[in-house]
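J.: give me coordinates for this.
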Amino acid sequence: MSTTSSETLNVTPFWSRIARFVFFFINFWLAVLLTLMSIVSVAMMENPFAFLGGIMMMAPTGMYATTEWFAYYRNRRSLEFPLGILNLCAAGFVMFGLITTIGEELLSEEPLATEFLFGFATVGLVIAGYLAACGLFRVLPIARARRRSSSDTTAA
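T.: Numbers count the residues shown, from 1 in each chain. You can find the predicted model right below:
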């Protein structure tokens, strides 16, 4: 019986390679941009809060960019799962911020700023949706492979 499915040959499908490149490109360059912004805010030292924010953001965004680069260009597939988990955690964090901000706006005594709410909700949902899609793209295939390999070992 000869099957030529991508699962049997262990070949990544074309659309999967394209999506992996797009996710890498966006994630890597945004992490590099955030790292550079952190370095600039530390170097300028105009505001103590910006300085502290730059200090706190510099290492995580730099490490994320480095890990993203290793996962894609060095083809370290073992880094895909942790990066996917980080993306899913970031999506949850964005959704938490979105829900709390909308809740605060709805419960405030000031008049409702519908333009702000619509714009903020749109941007927040796009960012959370992107992060969730990126995280699920990375986590689901690995989780399926682990589940399949564990069921193969228990059946044998």
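
J.: which stretches of the chain form helices?
T.: With DSSP state H, the ranges of helices along the chain come out as 6-9, 14-44, 48-72, 80-107, 114-155.

J.: any idea how far the most centrally placed residue in the chain lies from residue 72?
T.: Taking Cα atoms, centre = their mean, the centroid of the chain lies closest to residue 87, which sits 2.9 Å from it. From residue 87 over to residue 72 the distance is 14 Å, taken as Cβ to Cβ, to the nearest Å. C-beta coordinates here come from the backbone N, C-alpha and C atoms, glycine included.

J.: same question for residue 140.
T.: Residue 140 sits 18 Å away from residue 72, going by Cβ to Cβ.

J.: compare those two (neighbour count), which wins?
T.: Using other Cβ atoms under 10 Å as the criterion, residue 140 and residue 72 rank with residue 72 on top: 20 against 11.

J.: thinking again about what came up before, reformat the helices of the chain as TSV; add mean pLDDT.
T.: Formatted as TSV, these follow (pLDDT from 0 to 100):
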stretch	mean pLDDT
helix 6-9	45
helix 14-44	91
helix 48-72	91
helix 80-107	93
helix 114-155	88
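
J.: got the contact list for residue 31?
T.: By Cβ atoms under 8 Å, 6 or more residues apart in numbering, the contact set of residue 31 is 61-62, 64-65, 68.

J.: fine by me, thanks again.
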